[in-house]
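Trainee: Provided below for reference: sequence and predicted model.
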Amino acid sequence: MSAQGEPAVAVRGLRKVFGTTTAVAGLDLDVPVGSFFGLVGPNGAGKTTTLRMITGLLRPDTGQVRVLGVDAWADPVTVRRLIGVLPEDLQLFDRLTGRQLLTYTGLLRGMSADTVAERGDELLGVLGLADAADVFVVDYSHGMRKKVALAAALLHAPRLLFLDEPFESIDPVSARTLRAVLDRHRGAGGTIVCSSHVMEIVERICDHVAVVSGGRLVASGPLDEVCAGRPLEEAFVALVGAGEVPGTSLGWLGSSPG
Amino acid sequence: MARLFARLKLRLIVNGLRRGRWYVGAVVLGALFVLPYMAAAAVGVALLGRLADLATVAAPALVVAVSLLWLGWVVGPVLVFGADETLDPARLRLLPLRRSQLAVGLLAASAVGVGPLATVVVLAGVVVGFARPGVGAVVVVAAAVVEFLLCLTAARAVTTALSRRLASRRGRDVVVVAGSAVVLVLVVLGQAPQLLLSDASAAETSRRLLDALARTATAATVLPGAWPARAVASAAGGDLLAAVGWLGAAAAAAAGFAVVDDRVEGHPGGAGTAPARRAVDLFPAAVRFLPATVSARALRRICATCGEFRSCARS
């Protein structure tokens, strides 16, 4: 698959414009093989749009994306076979149970029924969904939907995992479980690309980070290099600029009588 | 792959029955209401083909009935968009499926359900009523099969083309307005026979009704869904050359809808979502200055959507 020394993901000149808004403005990015790569940026920075273009969900206006050595836009089917994706918008078959969702996902991916059953049960158990395995997805909480979608993304043992805001709406216990699962994936040689705007989480779990702002790459590299001895949040604010609230603004807050 | 998609669709239907007693009750009541109508329609079409005069009654009535059936397939999924998860390709976008696999799979999924079953029953009535011994019978059976495929492919093409738009609040608003317009048109059309029957002798009434039927059938022939019915009528009348011509046109239309479905933007089996096209805003400039009332906004949405429809049709 990926040629020797070639990054797991190589993005060149990626650009996407929606109407008059430039969401991604010529982005270059390299994700090293085996890394836990954090894509951070303020709201509206272009993180999700970038991930959607890399994973074949949204066609870029210009630019090239290579995933594990495969041109993502020339051969999207092969790329989808190699990667697992946890998208931000969880569009699932709501009228299937969690177990059925994994079963049909695996079978549609061409996996054998035995393998799907074995892996599906294991994933549901590890992610704390064993008791809800036969409950319809429509009755899941947002956190449970996220976990079952992650299980579906992991089912075919992809070498490269894309996670869009994986820890949003996840309780602390589930977050710990999730981190353990992701650590296991990485320990087995997998690569993880994860977008988030929660700096503490990125700092704790990622070893590489890219900071995106205004659709452009502001900084990228090993976490230590980007942070340069500061906490990630401090480095991030310094890179993208802080949105300070002027001292004279919002003076009326909390002034309601009685 | 087709079998797997069909199994998935069947599973979703069965799971739907587990949504609660009220839902099962609604399905049973719906079935009790619809199935007799479908059976009656099948018997009626069969008797029409066997007993009525082919040129003046049976052929035009068949064309109108089959056209309405096809229109139901095209409009129905749009009006109840979201009710059938297997018809929403967005849910399959992360799977490594080739275009051909998806096309066949989604088509197979559309063939499973109460609607397809009812359609098969009605088309069986067409075969029983209009098939005459000889080569004509083969054409009639083929036309019934092509009509079924035409229903499936047209419904899929329309649903896929509009899936992203219908998923939005704006899209749903347009569907509500369009649905109301369809109901209004049907109510008005329902009054037409009474207008034709008022203060006229029995012979005159009969002449007017047959004339209206023939005109309606002629008008309906612009719809691809009417072409297999034309093939059936031609075959029953012994005009095999015309029958084969209509059949070929219908088969080509079905293939055309399948291609549109495959190439439409955002198809998960394709190269992903195409760059956003700018919708043609047909909203008249003068109306832009109207107060921002709900109705003005609704009109603006409808006009913008018309532009998107055109944009889609050109692609």
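Mentor: Sure thing, it's come through.
Trainee: going forward, measure contacts between C-alpha atoms and count neighbours the same way
Mentor: Will do.
Trainee: can you list the domains in chain B?
Mentor: By the assignment in automatic domain parsing, chain B contains the domains B:2-167+B:177-276, B:277-315.
Trainee: comparing those, which comes out most buried?
Mentor: Across these, the average number of neighbours (mean count of other CA atoms under 10 Å in any protein chain shown) peaks for domain B:2-167+B:177-276, which reaches a mean of 18.
Trainee: start and end of stretch A:188-199, how far apart?
Mentor: With CA to CA, to the nearest Å as the measure, the ends of stretch A:188-199 fall 25 Å from one another.
Trainee: chain A is nearest to which of the domains of chain B?
Mentor: domain B:2-167+B:177-276 (4.6 Å; CA to the nearest CA).
Trainee: name the residues of chain A found near chain B, please.
Mentor: A:18-19, A:56-61, A:73-81, A:85, A:91-93, A:95-96, A:104-105, A:107-109 (CA under 8 Å from any CA of the partner chain).
Trainee: quick one, strands of chain A?
Mentor: Counting by DSSP state E, residue ranges of the strands within chain A are A:9-18, A:21-31, A:36-40, A:62-67, A:70-71, A:83-86, A:160-164, A:191-196, A:208-213, A:216-222.
Trainee: still on that earlier bit, could you pick out the buried ones from the residues of chain A next to chain B?
Mentor: Neighbour-count burial (16 or more other CA atoms under 10 Å in any protein chain shown) is assigned, among the residues of chain A next to chain B, to A:56-61, A:73, A:76-81, A:85, A:92-93, A:95-96, A:104-105, A:107-109.
Trainee: got the phi/psi numbers for B:A52?
Mentor: Backbone torsions for B:A52, taken as degrees, to the nearest 10, come to phi -80, psi 160.
Trainee: which residue sits closest to it in space, ignoring its chain neighbours?
Mentor: Counting by CA to CA, 6 or more residues apart in numbering or on different chains, the nearest residue to B:A52 once its immediate chain neighbours are dropped is B:A58, at 5.5 Å.
Trainee: same question, B:L94
Mentor: A:R80 (6.4 Å).
Trainee: output the below-cut-off pLDDT ranges for chain A.
Mentor: Per-residue confidence for chain A (pLDDT under 70) gives these ranges: A:1-4, A:242-247, A:258.
Trainee: what does the residue nearest to B:A52 show for phi and psi?
Mentor: Taking degrees, to the nearest 10, you get phi -60, psi -50 for the backbone angles of B:A58.
Trainee: go on, A:G110?
Mentor: Reported as degrees, to the nearest 10, the phi and psi values for A:G110 are phi 90, psi 10.
Trainee: against B:V63, how distant is it?
Mentor: The span separating A:G110 from B:V63 equals 43 Å under the rule CA to CA.
Trainee: where does pLDDT dip in the stretch 101-250 of chain B?
Mentor: Using pLDDT under 70, the flagged stretches of the stretch 101-250 of chain B are B:163-168, B:190-200.
Trainee: where do the strands of it begin and end?
Mentor: Along the stretch 101-250 of chain B, counting by DSSP state E, counting those that start in this stretch, no stretch forms strands.
Trainee: write down the beta-bridge partners of the spatially closest residue to A:S35 that is not a sequence neighbour, one by one.
Mentor: Of all residues beyond its chain neighbours, the one nearest A:S35 is A:T191 (5.2 Å), with distances taken as CA to CA, 6+ apart. Here A:T191 sits in beta bridges with A:L160, as judged by DSSP bridges.
Trainee: was I right about A:T191 contacting A:R159?
Mentor: Yes - using CA atoms under 8 Å as the test, A:T191 is close enough to A:R159 to be in contact (6.2 Å).
Trainee: which one of the two is surrounded by more residues?
Mentor: With neighbours defined as other CA atoms under 10 Å in any protein chain shown, A:T191 and A:R159 compare such that A:T191 has more, 25 against 21.
Trainee: how about the contacts made by the more buried one?
Mentor: A:T191 is in contact with A:8, A:32-37, A:159-161, A:185, counting by CA atoms under 8 Å, 6 or more residues apart in numbering or on different chains.
Trainee: neighbour-wise, which of these leads?
Mentor: The member of the contacts of A:T191 surrounded by the most neighbours (other CA under 10 Å) is A:F37, with 27 neighbours in all.
Trainee: the helix or strand harbouring B:V27 near chain A at all?
Mentor: In this structure, B:V27 is located in helix B:21-51 according to DSSP states H and E. No - contact between helix B:21-51 and chain A is absent, the nearest approach being 13.4 Å (criterion: CA under 8 Å from any CA).
Trainee: after that helix, heading C-terminal, what element do we hit next?
Mentor: Where DSSP H and E defines the elements, the next helix or strand beyond helix B:21-51 is helix B:59-79.
Trainee: give the rounded mean pLDDT of that next one.
Mentor: On average, the pLDDT along helix B:59-79 is 85.
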